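# Kindly return the folded structure for what I paste below:
(2 chains)
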There are 2 protein chains.
Amino acid sequence: MNGAQALIRTLVDCRVDVCFTNPGTSEMHFVAALDSVPEMRASLGLFEGVVTGAADGYGRMAERPAATLLHLGPGLGNGLANLHNARRARTPVVNIVGDHALPHKQHDAPLESDIESVASNVSGWIRTSQSAAAVAGDAAESVAAAMGPPGQVATLILPADVSWTDGAEPAAPRPAPARGVVSADVVDRVAKALVSGEPSVLLVGGSAMRARGLEAASRVANTTGAKLLGETFPARLERGAGLPPIERLGYLAEFTVAQLEGARHLVLVDTKAPVSFFAYPEKPSYLVPDGCEVHVLACDADDAVTALEGLADVVGASAEAVTRQPTDRPDRPTGDLNGETVAAALGALLPEGAIVSDEANTQGLWASPATAGAPPHDWLTLTGGAIGQGLPVATGAAVACPDRKVVSLEADGSAMYTFQSLWTQAREGLDVTTVVFNNRSYAILNLELSRVGADSSGPKAREMLDLSRPDLDFVSLAQGMGVPAARANTAEEFVSALDRAMAAEGPQLVEAVLPARM
Amino acid sequence: MNGAQALIRTLVDCRVDVCFTNPGTSEMHFVAALDSVPEMRASLGLFEGVVTGAADGYGRMAERPAATLLHLGPGLGNGLANLHNARRARTPVVNIVGDHALPHKQHDAPLESDIESVASNVSGWIRTSQSAAAVAGDAAESVAAAMGPPGQVATLILPADVSWTDGAEPAAPRPAPARGVVSADVVDRVAKALVSGEPSVLLVGGSAMRARGLEAASRVANTTGAKLLGETFPARLERGAGLPPIERLGYLAEFTVAQLEGARHLVLVDTKAPVSFFAYPEKPSYLVPDGCEVHVLACDADDAVTALEGLADVVGASAEAVTRQPTDRPDRPTGDLNGETVAAALGALLPEGAIVSDEANTQGLWASPATAGAPPHDWLTLTGGAIGQGLPVATGAAVACPDRKVVSLEADGSAMYTFQSLWTQAREGLDVTTVVFNNRSYAILNLELSRVGADSSGPKAREMLDLSRPDLDFVSLAQGMGVPAARANTAEEFVSALDRAMAAEGPQLVEAVLPARM
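Okay, the predicted model is just below:
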């Protein structure tokens, strides 16, 4: 058994049985070894950002890592933006980067680079495997590192000769540490703040954005009078009819400031104190109100859900004190097609158990409220702000959950970073419907251009934010990668196209032609 | 004047008057400032790999840098692969990466990352500008650093508040150092080796691959009997009828070994001693024959061309001792379409002064010999081995040379990394004809899979190298980005489509459907 075979066998034994790949020559022994381990599923991406974003989407839904397979430093570079998002999502990912054979590195061949330094930003764990004898153990440790808690990107650098050398043996899975128990003292201190009678906010994120955590948080808020808020960009939010609704902090700092106004206590549950996404001249970055005390109930490796349940008990919340979202779907919209009518159509048609990958940005503003009362579903957001996440995350989520409909809400500008995702969806027959919100601009930047106080009147500046001339034809682009596609210019056309896509199996794309935003 | 305005004014004063951009919020003041400096041309890319590859292509042809504008660490990551290629090409590039405002960085906002560490691999010079007062000076130094010699990527990190703060002033251009003069001693020692009567190879690369350097090298080879060879992947090779022809070292190590066999002296002119691109089990990486002495005539910052001319004089070469390529075009091919007939059509139709961006990989093998006797043209190759270079380099070359036809030879697999280039070509009306060699596979990896000694029989391994299921439709993809496109299934169809594209102005794409290589 060579190193690559032992590595893949070990990954499968550690329950890592999906590998998203974009290999090159230095990874050919890994590729050849795939057939020696039938349990490993390999899925090819045409670009590394697809590979890493798919691993993120997979990990968010499967709650265990997928592996990647990337080609040397440049391949890692191409995958870096979505590893950044995965890092912010705290998604477990085993990020395998092939390297030159160890004795080859001294020669500074054309593709030579310092892979560890490129990986350092996004990886909580990095190791360059040194021998075929060591690689299986390295793999087992990479899986344990990826699992955390919290989840993280573990980068295993795999020299070609480590893969091809014989004499390797699989390694046993490493024990997975449990999340840490939050002490009763901490819970009591937080409870005391919440029952103080002073205005309080309970800000929930991360692992607490699932049903159990939200139910406990709702009990706490209803019993203490605290305002319940969720973080702006959760990795995975469970929502919909029957689940506790949660208002998320706004993306714009002004909104967050308004949401937190007057709070004297801010309790953080697996999230951080709010800061603005970007800095703006003369405006604060740190958004916690003056005089507001920050309390951390749980963070990082803590068992936030159990801590919330303990908190609910300490504040005397009954098991029934949960606010639950009533079923409430909008009517099928008619008339003009715009962000609101697209959202209404989604609210009307979203099937139970859907997974929504949300990178619709400005035009997606209405999608969240319009689907609040739809049947239960998961909502995956742009955790790290590096656009080009949505389509790959949808791809990986569909691999993780083959029985669920994935709906990928995608802005036109963001779509173009990792549009190659559609090809992988077509090859794998993934049940993903992509909705492209085509307003022919980087609309978020039009907004930001004025918000940062920059003069936005010049034609060259406007041209940098304009995606027309030429208009992108997303129907042609999708068809070019084997995905059936339709264009909608009116609400009726959009409802009809979305209805067909929801009824179909396999990848579909609907281009929603929206009013231009310039 | 704010920092961004002073920066752009300084760049223009330093003759950097093209900026390839993919901006985000932290770059909005830079974007707004574009209109205050009319001489600066800004060109939007939909993906950062387009931006950095275009800067590479521009720099290779213009012999001065373009600027980039990238958004934070993830944007730099997306641009890293083509910066790697630019580094290997020794192309001057001023790589501007926006960052959060300096006081914002402490807050670890979602897009926070360590940009310098990501930039370190590809950059010969890195600076994070610390104030509006300093930024113009930083810009002037970045241009000087980029120019070298030799050319390199100079990364200027631009915090948002440095851009938006007022009170900045433009800075004066820094003096550009000349290339170093190679000493007469070195030239004499090399001459002695070449006239020793022992088998010798004169290996030319880098700055010596242009007409003047090749003429001097040809004189030396013809006078001393040395074998003249060129490096495998030159950044820019001048070739065609009337120019000295040069045989390039093979990509496959076996070929290089055969080309160098028996040599007792290897003279290096602005290139390195040959090593294999990848390592292979039981095969050497270093390809210089045993017992062959390596002599460096010129490297790095040296004036290699003047050194070659001096060498020609020392060995007593007459000015007429230059081998010149005769005009020799193949006939227009007929019959089946394959790599050979595509190449023959190119040889028959390539116009004078064309710039060829060559990323056709396996299928492009015949393109170089078939165009050897075409009218003079430039040939730009995949210097760093990070695929996804060809279309962006063609884009930047067309911006640099608006009066020349650019022909972009592109493999199907490589095309899909940075296909968004076509949109920039359409927006800018660039005179680029893209030829996609569509054999529906990563053919180079099929070759490499067997060459590395890996078992290539498994269906999962084969699937990782197969680009069919679904087939990519490059005509639809091009049309989706506003580029007129045609598909050719026979040699006649290809000739006809290429003929039309050569006669047209503006971007065109021809998909050559080739026999599948699996």
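
# The helix or strand containing A:Asn78 packs against which elements?
With secondary structure defined by DSSP states H and E, A:Asn78 is part of helix A:72-89. Applying 3 or more CB pairs under 8 Å, 6 or more residues apart in numbering or on different chains; DSSP states H and E, one finds that helix A:72-89 contacts helix A:48-62, strand A:66-71, strand A:93-99, helix A:115-119, strand A:153-159, helix A:390-400, helix B:72-89. For glycine as for every other residue, the C-beta is placed from the backbone atoms N, C-alpha and C.

# any idea of the mean pLDDT for it?
Averaged across helix A:72-89, the pLDDT comes to 98.

# circling back to that earlier point, now the helices and strands packed on helix A:72-89 as JSON lines including mean neighbour count?
Compiled in JSON lines, the helices and strands packed on helix A:72-89 are given as follows (neighbours: other CB atoms under 10 Å in any protein chain shown):
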{"stretch": "helix A:48-62", "mean neighbour count": "31"}
{"stretch": "strand A:66-71", "mean neighbour count": "30"}
{"stretch": "strand A:93-99", "mean neighbour count": "28"}
{"stretch": "helix A:115-119", "mean neighbour count": "24"}
{"stretch": "strand A:153-159", "mean neighbour count": "27"}
{"stretch": "helix A:390-400", "mean neighbour count": "31"}
{"stretch": "helix B:72-89", "mean neighbour count": "30"}
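
# Report the contact partners of the residue of the stretch 301-450 of chain A found nearest chain B.
Nearest residue of the stretch 301-450 of chain A to chain B: A:Ala386, at 3.5 Å (CB to the nearest CB). With contact taken as CB atoms under 8 Å, 6 or more residues apart in numbering or on different chains, A:Ala386 is in contact with A:81-82, A:84-85, B:72, B:74-75, B:111.

# Would you list the phi and psi of A:Gly230?
phi -110, psi 160 (degrees, to the nearest 10).

# related to what we said a few turns ago, helix, strand, or coil at the residue of the stretch 301-450 of chain A closest to chain B?
Under DSSP: H, G, I helix; E, B strand; the rest coil, A:Ala386 falls in the coil class.

# A:Leu467 versus that one, what's the distance?
Look at A:Ala386 and A:Leu467: by CB to CB, to the nearest Å, they are 18 Å apart.

# would you list every one of the helices in the stretch 401-518 of chain A?
Ranges of helices within the stretch 401-518 of chain A are A:412-415, A:421-428, A:443-451, A:459-463, A:474-480, A:491-503, based on DSSP state H, counting those that start in this stretch.

# okay, those in a markdown table with distance to A:Ser123 and mean neighbour count next?
Below are the helices of the stretch 401-518 of chain A laid out as a markdown table (distance: least, CB to CB, whole Å; neighbours: other CB atoms under 10 Å in any protein chain shown):
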| stretch | distance to A:Ser123 | mean neighbour count |
| --- | --- | --- |
| helix A:412-415 | 24 | 26 |
| helix A:421-428 | 23 | 26 |
| helix A:443-451 | 28 | 21 |
| helix A:459-463 | 37 | 18 |
| helix A:474-480 | 32 | 24 |
| helix A:491-503 | 37 | 19 |
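
# worst average pLDDT in those helices?
Note on the helices of the stretch 401-518 of chain A: lowest mean pLDDT is at helix A:443-451, with a mean of 84.

# still on that earlier bit, looking at the helices and strands packed on helix A:72-89, which is nearest to B:Leu430?
helix B:72-89 (17.2 Å; CB to CB).

# Report the mean confidence score over stretch A:194-202.
97.

# Could you list the buried residues of it?
Neighbour counts over stretch A:194-202 (16 or more other CB atoms under 10 Å in any protein chain shown) mark A:194-195, A:199-202 as buried.

# you'd agree A:Val275 is up against A:Tyr286?
Yes. With contact defined as CB atoms under 8 Å, A:Val275 counts as touching A:Tyr286 (5.6 Å).

# The two: which is more packed in?
Shown here are A:Val275 and A:Tyr286; by other CB atoms under 10 Å in any protein chain shown, A:Val275 has more neighbours (21 against 13).

# nearest residue to the more buried one other than its sequence neighbours?
Excluding the flanking residues, the one nearest A:Val275 by CB to CB, 6 or more residues apart in numbering or on different chains is B:His107, at 4.0 Å.

# What pLDDT does the model give that neighbour?
pLDDT, read off for B:His107, is 96.

# coming back round to it: in a markdown table: the helices of the stretch 401-518 of chain A, plus distance to chain B.
As requested, the helices of the stretch 401-518 of chain A are exported to a markdown table (distance: least, CB to the nearest CB, whole Å):
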| stretch | distance to chain B |
| --- | --- |
| helix A:412-415 | 7 |
| helix A:421-428 | 5 |
| helix A:443-451 | 4 |
| helix A:459-463 | 4 |
| helix A:474-480 | 3 |
| helix A:491-503 | 18 |
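
# Please identify which of those is closest to A:His29.
Checking the helices of the stretch 401-518 of chain A against A:His29 by CB to CB gives helix A:421-428 as the closest, at 23.0 Å.

# Dump the helices and strands packed on helix A:72-89 into TSV; add distance to A:Val31 as well.
Below are the helices and strands packed on helix A:72-89 laid out as TSV (distance: least, CB to CB, whole Å):
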stretch	distance to A:Val31
helix A:48-62	14
strand A:66-71	8
strand A:93-99	10
helix A:115-119	19
strand A:153-159	12
helix A:390-400	19
helix B:72-89	20
